[in-house]
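S.K.: For reference, the sequence and a predicted model appear below.
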Amino acid sequence: MRWLILILLILSFSGIIYNRVFLKAPGKRDKALQVVLLISLLFQMTLGLMLYFKSPLVASFYKNYPESIHQTQVRFWGMEHITAMIISIGLIFWGSFLNFRKKPFQKNHHNRILLLFVLAFIILFLSIPWSFSPFTPRADFRMW
C-alpha cells in the first residue's frame, strides 16, 4: 500500500504543479486522482490503526514507557510512526479540501495546496520504515 500511496501522492502534486504553471483550475482528472488517494489513505489508516492497537510491540511500549522511550525502534513504532502518519494524512485531507472547495479560482490557490502536499510527502516519506531507515529498517518489498 505504501507504494500505491506514494505514487498517487506524487501524481497528485505533479498535477497541482502543472495547474500552477498554466494557471488552470483543478480538473476532473485531478479531483478523481485525489479521491482515489484519499480512499487509499483511509484504507491504509484503518489497517494501520488496527495493527497499532493489536501490536505487542506497542503494548510493550505503553506498559514500559519510561524504559521504552529510550529505545529507538520501540519508540518509533509506539509514538513517532503513528503521529507522523496522522499528521501527513491530515495535511493531505486539508489540501484536498482546499482543492475541492467551490470558491472562485485564485492565483495563489495552488501554492497553499502544493505546500501542504509537499509537507505531507516529506513527513510520510521520512516515517515509512524503509530498508535504509535509521529508526527501524524493514524490507522495501515483502512477499507474503
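M.R.: Sure, I can see it. Numbering: from 1, shown residues only.
S.K.: counting contacts, what elements does the longest helix along the chain pack onto?
M.R.: Longest helix of the chain, by residue count under DSSP state H: helix 28-54. Contact here means 3 or more CB pairs under 8 Å, 6 or more residues apart in numbering; DSSP states H and E; on that basis helix 28-54 packs against helix 2-21, helix 81-100. In this view, the C-beta of every residue, glycine as well, is placed from N, C-alpha and C.
S.K.: So for the last one, mean pLDDT?
M.R.: Which is helix 81-100. The predicted model gives helix 81-100 an average pLDDT of 90.
S.K.: Give me the mean pLDDT for the next helix-or-strand element following it.
M.R.: Sequence order places helix 109-126 as the next helix or strand after helix 81-100, per DSSP states H and E. Per-residue pLDDT values over helix 109-126 give a mean of 88.
S.K.: what residues are up against Ser55?
M.R.: Ser55 makes contacts with Trp77, as judged by CB atoms under 8 Å, 6 or more residues apart in numbering.
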